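**Q** Got a predicted structure here, sequence first:
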Amino acid sequence: MQVVLSDLKVNVGKYIDLAETTDVIITKYGKPAAKIIRFDKEPWYLKKMPEQITSVDQLFGTLPRKF
């Protein structure tokens, strides 16, 4: 979802709540300037790995998207 910076200033709480479900792109003068993303409460390295890996699909979500 995209939001204009001036609207974000007025309704910051609304967009913080919205960022829990979707990324919020903040635009300034019509161009993307920043992004609000969901905060993961549990660090990626504490997430449980499967005991036995039987398929590659089980590995998705175990490592972060960016290091």
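**A** Sure, I can see it. Numbering: from 1, shown residues only.
**Q** CA only for contacts and neighbour counts going forward, please
**A** Noted.
**Q** Residue 21 is in what secondary structure piece?
**A** Residue 21 belongs to no helix or strand when assigned by DSSP states H and E.
**Q** Then residue 52?
**A** Counting by DSSP H and E, residue 52 is found in no helix or strand.
**Q** Bridged to the closest residue to residue 16 other than its chain neighbours, which residues?
**A** Spatial nearest neighbour of residue 16, chain neighbours left out: residue 36 (7.6 Å); criterion: CA to CA, 6 or more residues apart in numbering. Residues in a beta bridge with residue 36, per DSSP bridges, are residue 24.
**Q** Residue 36 contacts residue 20, doesn't it?
**A** No. Using CA atoms under 8 Å as the test, residue 36 is too far from residue 20 to be in contact (9.2 Å).
**Q** sorry, back to before: how about the contacts made by the residue nearest to residue 16?
**A** 16, 19, 23-26 (CA atoms under 8 Å, 6 or more residues apart in numbering).
**Q** now swap in residue 38 and tell me
**A** 19-23.
**Q** now the strands for the protein?
**A** 2-4, 24-28, 31-36 (DSSP state E).
**Q** Could you check how far the residue nearest to residue 16 is from residue 52?
**A** Residue 36 sits 36 Å away from residue 52, taking CA to CA, to the nearest Å as the criterion.
**Q** now residue 25
**A** From residue 25 to residue 52 the distance is 39 Å (CA to CA).
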